[in-house]
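J.: Got a sequence here, can you build the structure:
(chains A and B)
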Amino acid sequence: MPSESELPAAESADPVRAVVRVGDYLNKLRGEQVERECRQKLKDGCQELVVDFSQTEIVNSVGISILLGVIDSAKGTGAKIVFSDVREDTAELFDLLGITKHVTLTA
Amino acid sequence: MSPQNANTLLTGVPPDRFVGRRQEFERVYAAAVTGIPARGIRLSAAAGVGASELLRQVYDRLFTDQRFCVPFYFALEPGDESATSAATRYLYQFLLQAVAFRRGEPDLLLTQPDIGDLSRLAPPADADWVDGVREILERGGPLQNERAFIRTALAAPLRAAVNGVRVFPIVDDLHRSVKMADDRRFVDELVSIFSVSKAPYVFSAAKGFVIRGDGFEQLNVEPLSREEMSEVVASQGAEADVELSDHARDLIAVQTGSRPGRSQALIDAARSRRRRLESFRDVEQVYAEELVGGRLGQELDEKLLETASDADTVRRLVEALHFSIEPASSRFSLSALRERLDVDVDRFNRLIEALAVDGFVVLEAGLGRLEEDALIADLIDSRYRLTRSGTTTASVQAHIVTKAIGRAPLLMENVYRSEAGLDLEELLLSFDLQEIPIGLLDYRSFRENYKGLPESEVLERLSRDDQTVPLPQMSHVAELLEHLSSPGFAGADRVVVGVGFTDRAYRPDDRTVWLVAEIESKLEAEADAAESWLTKLSGAASPLGYKNYRVWLIAPEGFTNEALDVLEARDAMGSSRRQVELLREFLNPHAANISVDAKEYEMVIPAGDDAELISAHSLEEIARRHDFPAKAVNQIKTALVEACINASEHGLSPDRKIYQKFAVDDEKIVITISNRGIRMRPNNQNSNEGDASERTGRRGWGLELIRRLMDDVRVEQVDDGTRILMTKYLRAGAA
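T.: Purely as a prediction, here's the structure:
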């Protein structure tokens, strides 16, 4: 069972590129945490925001809707947004919902 | 001190089945055994909510469990036609109960020996005062005059006290005196006699009945809470061996207005007709039968006849009251009613007072309105229809049952919404001029500084926040609907009005009024919603005479920047639900939180706390056993999680549970997710067009996601709540 305690964290001291980890379950609470971190990074001048899904097993619609807000914010600042290490089923879900049109998915 | 023994004397409910009323019971019991306070307790309750049962429970306990005082219970009855006849019965009952208690023989209460036997049975220590009482009774009536007899009879417990026998009198149903020939004489003499008592006693009457006199302690017995009443109904159902579903039980609890006598009548009717009460329809069918032709209706008919004295007056009364049913709470002039009834002033005054204490009408400054009680409205409606030519009992019953079935889901929905609400009244009353961090009230500040942080960090940061805002001290808080009979907008039941002061000097200039509304919004509430609510509340404040007031809006997810600008321009505040929960915790850190209890597989999980993950992993195990394709497993898991979240966030489930069933065969899996509470509204659920990313509304598309991931989805509205059936075909060509 995924751990409940994992918090999203920002890595990399590079102000231009920042990585934010999603954790095991993208729900409303995690979504808000990710959003907060991402907004801060964008405010700090990040040009490439990498959202790390390597440990994400489950996403729900509330979490996804919050990510859409992050995508909008990134667009607003001209930053590139990348979803990294997305599992196949999660990628299919993003594709189903049209999110992959707005972000880059990487392995 | 809680009722322990199984003996029941006056009460028909064993102590272990008596629900609630713990504080009231303790207060009365303590007064009896300690003799403190040395004055009367005036107990007041709406008709039928169970105050008499509470007092009988106290009596039983006093009789069996202590020897400090002699308990004495007397209640006025319909057969008490005058103060004299009531006083005679009072005197006999006192003698009977005192002798039974002093001898330790409760069976005497059943055998009802005559006066002579009672006198012989009295312990020698009590012989003097018992013989004195016997003499009064044996003379068979007034001594020198009627008044002297009445006063002597009523003073019997005090006479015993003078002889060293402490008595705890409980005199109940005093409001029935309005139906006596000599009106309030019994009550007035009783109050006069006991005004010199140096020991506690209880006088109980219906709410609205005035007992003149000073120095009473007031004890109001409120209706049982919905949860407590549900427990009562469950107990009644179990005792009667009637099959009762949870939602039928709760409907009965709500529809009977938390009146145990009414629910017992429905349960008894179901038992006698061998009917189950498993659906709303089952309940309403029995309800209509009982109201139109059964015990429930007959008891109310008897009260009306007793009040009005003749059938003709009852008919005219029903006709007049019928026109007050719609719109709800419409008022009528008392003088106009008297003219329609064609009775003299004295008779009308007694009639209208009796209707008020019996819970048919409410009197307000020369005007009256029908009590807000669906059963009373249905009674009047049915009796009016029965007087119309061409109608039959069956047609009236059909009318009542269809009306009741139609209203039941909304009735329960309002209850669930109310129970899921933030209890703003309690929150505002906890304001006591404290200074609180601005982030607890202002959403903009909260979003910037606290949103998304773990709770422990939020509270820790709040405690260090030096930007504060003062709260007022609220002296009175009530729902807006209590202030205005018809505020004229939807959602008014979630608005409270708080009136208080901003300073302990309590100067006129320190007065403040807050209008607080809990509004609905899936995302951050927009500017137009804020504007709309500000306009509505301004319109409501005006007839109340409030010129200077503050508006505080609470939306589940807070407000957009534009909405916050609108609010700020009008000196209003906007907060999220989360902020209010934190505020409550900040103001009262020791307050108890609501805790959440977790070839076909069935499971029940708690709503919330990410419990949907438990379902998801259980499904993985089921899938492994049945060899599901991997892709299908992931899709089903996602759909399952969405369905659980939907039930949790929107169901307002009273039991906070989500029920799940997984039915698997070679071709497919059918998952049923159900919850009690709000029914899911049908909306445009068939659109599969457009991407989620393109939408302007970014919430509320969980159901659509489910439809895209599963092969078949059906949303069923059941009596109480919602059921979703999701089917996934597991093999190619199986669909």
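J.: Low-confidence ranges, chain A, go.
T.: Within chain A, the stretches with pLDDT under 70 are A:1-15.
J.: what about the strands in it?
T.: A:10-11, A:17-21, A:25-26, A:48-52, A:58-59, A:80-84, A:104-106 (DSSP state E).
J.: can you redo those strands as CSV with distance to chain B and mean neighbour count?
T.: For glycine as for every other residue, the C-beta is placed from the backbone atoms N, C-alpha and C. Below are the strands of chain A laid out as CSV (distance: least, CB to the nearest CB, whole Å; neighbours: other CB atoms under 10 Å in any protein chain shown):
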stretch, distance to chain B, mean neighbour count
strand A:10-11, 13, 16
strand A:17-21, 12, 22
strand A:25-26, 6, 24
strand A:48-52, 15, 23
strand A:58-59, 6, 24
strand A:80-84, 12, 19
strand A:104-106, 14, 13
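J.: Out of the ones you listed, flag the one nearest B:Ser225.
T.: When these are compared by CB to CB, strand A:25-26 sits nearest B:Ser225, at 35.9 Å.
J.: Show me what from chain A comes close to chain B.
T.: Proximity of chain A to chain B (CB under 8 Å from any CB of the partner chain) is limited to residues A:1-2, A:4, A:7, A:25, A:27, A:29, A:32-33, A:35-37, A:58-62, A:64-65, A:68-69, A:71, A:89, A:92-93, A:96-99, A:101-102.
J.: you'd agree B:Leu351 is up against B:Thr307?
T.: Yes: between B:Leu351 and B:Thr307 a contact is recorded at 5.7 Å, counting by CB atoms under 8 Å.
J.: and B:Pro543, backbone torsions?
T.: Dihedral pair for B:Pro543: phi -60, psi -20, per degrees, to the nearest 10.
J.: Number of residues surrounding it?
T.: Other residues near B:Pro543 come to 10 when the count uses other CB atoms under 10 Å in any protein chain shown.
J.: Just the pLDDT at it, thanks.
T.: Reported pLDDT at B:Pro543 in the predicted model: 79.
J.: if I look at it, how far off is B:Glu518?
T.: Look at B:Pro543 and B:Glu518: by CB to CB, to the nearest Å, they are 22 Å apart.
J.: Tell me which residues are up against the helix or strand harbouring B:Leu703.
T.: Per DSSP states H and E, B:Leu703 falls inside helix B:702-709. If you take CB atoms under 8 Å, 6 or more residues apart in numbering or on different chains as the criterion, helix B:702-709 is touched by A:60-62, A:96-97, B:635-636, B:638-639, B:642-643, B:645-646, B:680, B:685, B:687-688, B:692, B:713, B:715, B:724, B:726.
J.: where does the closest residue to B:Leu567 other than its chain neighbours fall, phi/psi-wise?
T.: Nearest non-adjacent residue to B:Leu567, counting by CB to CB, 6 or more residues apart in numbering or on different chains: B:Gly574, 4.7 Å away. Torsion angles at B:Gly574 (phi, psi; degrees, to the nearest 10) stand at phi -130, psi 130.
J.: all helices of chain A, in order?
T.: Taking DSSP state H, the helices of chain A run over residues A:28-43, A:61-77, A:88-96.
J.: can you put those helices in CSV and add distance to B:Arg625 and mean neighbour count?
T.: Shown next, in CSV, are the helices of chain A (distance: least, CB to CB, whole Å; neighbours: other CB atoms under 10 Å in any protein chain shown):
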stretch, distance to B:Arg625, mean neighbour count
helix A:28-43, 30, 20
helix A:61-77, 28, 19
helix A:88-96, 20, 18
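J.: How many neighbouring residues does the residue of chain A found nearest chain B have?
T.: Closest approach of chain A to chain B (CB to the nearest CB) occurs at A:Gly98, with a separation of 2.3 Å. Using other CB under 10 Å, A:Gly98 has 15 neighbouring residues.
J.: got the domain boundaries for chain B?
T.: What automatic domain parsing lists as the domains of chain B is B:15-221, B:279-416, B:424-587, B:600-729.
J.: and A:Gly45, which of the ones you listed is closest to it?
T.: Closest among the domains of chain B, using CB to CB: domain B:424-587, at 18.6 Å.
J.: roughly how far is the closest one from the heart of the chain?
T.: 26 Å (CA atoms, centre = their mean, to the nearest Å).
J.: repeat for stretch A:29-43
T.: With CA atoms, centre = their mean, you get 9 Å for stretch A:29-43.
J.: And for stretch B:374-394?
T.: Centroid separation for stretch B:374-394 versus its chain: 26 Å, with CA atoms, centre = their mean.
J.: Just the buried residues of stretch B:342-350, please?
T.: For stretch B:342-350, the neighbour count (16 or more other CB atoms under 10 Å in any protein chain shown) marks B:343, B:348, B:350 as buried.
J.: can you check stretch B:315-323 too?
T.: Residues B:315-318, B:320-322 are the ones in stretch B:315-323 that count as buried (16+ other CB under 10 Å).
J.: hang on, the earlier thing: give me the residues contacting the following helix or strand past the helix holding B:Leu703.
T.: Counting by DSSP H and E, the element after helix B:702-709 in chain order, helix or strand, is strand B:712-717. Residues from elsewhere that reach strand B:712-717, judged by CB under 8 Å, 6+ apart: B:409, B:679-680, B:682, B:685, B:703, B:706-707, B:722-727.
J.: Who are the contact partners of the most centrally placed residue in chain A?
T.: Using CA atoms, centre = their mean, the residue of chain A that lies closest to the mean C-alpha position is A:Val51, 3.5 Å off. Contact analysis of A:Val51 by CB under 8 Å, 6+ apart lists A:19-20, A:22, A:34, A:38, A:67, A:70, A:81-84.
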